[in-house]
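>>> pasting the structure only:
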């Protein structure tokens with residue numbers, strides 16, 4: 001795997017861990033309503049990043065665009 005791809009995977013894993021911590025802390029500090037809102041945002045952002053990365057990889061994949 002390329003170094004950039006490994007860094008992207010690492011970043012997504014870090015974001016996932018931070019989201020889990022924020023959900024627990026938020027549930028204790030703010031109550032469930034705001035916590036669920038923050039959890040939703042932190043779930044959507046990494047997913048959107050993953051979709052963008054995947055789409056860019058498919059656009060530049062030579063096997064998908066034979067000449």
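The structure has been received and is ready for your questions. All figures in this text were calculated on a predicted structure; none of them were measured in a lab.
>>> buried set for the strand or helix carrying residue 17?
If you go by DSSP states H and E, residue 17 is part of helix 3-29. Within helix 3-29, the residues that qualify as buried are 19, 22, 23, 26, counting by 16 or more other C-beta atoms under 10 Å. To be clear about C-beta, it is placed using only N, CA and C from the backbone, and glycine gets the same treatment.
>>> tell me the contacts of the nearest residue to the second one once chain neighbours are set aside?
Translated: residue 22. Among residues not flanking residue 22 along the chain, residue 38 sits closest, at 5.9 Å (C-beta to C-beta, 6 or more residues apart in numbering). Listed by C-beta atoms under 8 Å, 6 or more residues apart in numbering, the contact partners of residue 38 are 22, 23, 26.
>>> so which helix or strand takes in residue 38?
Residue 38 belongs to helix 32-59, assigned by DSSP H and E.
>>> what comes up buried for that helix?
35, 38, 39, 42, 46.
>>> helices and strands around the helix holding residue 17, which ones?
Counting contacts by 3 or more C-beta pairs under 8 Å, 6 or more residues apart in numbering; DSSP states H and E, helix 3-29 is packed against helix 32-59.
>>> what angle sits between the helix holding residue 17 and helix 32-59?
Compare the direction of helix 3-29 with that of helix 32-59 by axes from the mean of the first three to the mean of the last three C-alpha atoms, to 10 degrees and you get 170 degrees.
>>> how distant is helix 3-29 from the center of its chain?
Put simply, helix 3-29 sits 8 Å off its chain's centre (C-alpha atoms, centre = their mean, to the nearest Å).
>>> pLDDT of that helix, averaged?
Mean pLDDT, computed over helix 3-29, is 79.
>>> for stretch 43-61, same thing?
78.
>>> and the contacts of it?
Everything outside stretch 43-61 that qualifies as a contact, by C-beta under 8 Å, 6+ apart, is 8, 12, 15, 16, 19, 64.
>>> once you drop chain neighbours, what's closest to the fifth one?
Ranked by C-beta to C-beta, 6+ apart and with sequence neighbours excluded, the top spatial neighbour of residue 19 is residue 42, at 3.9 Å.
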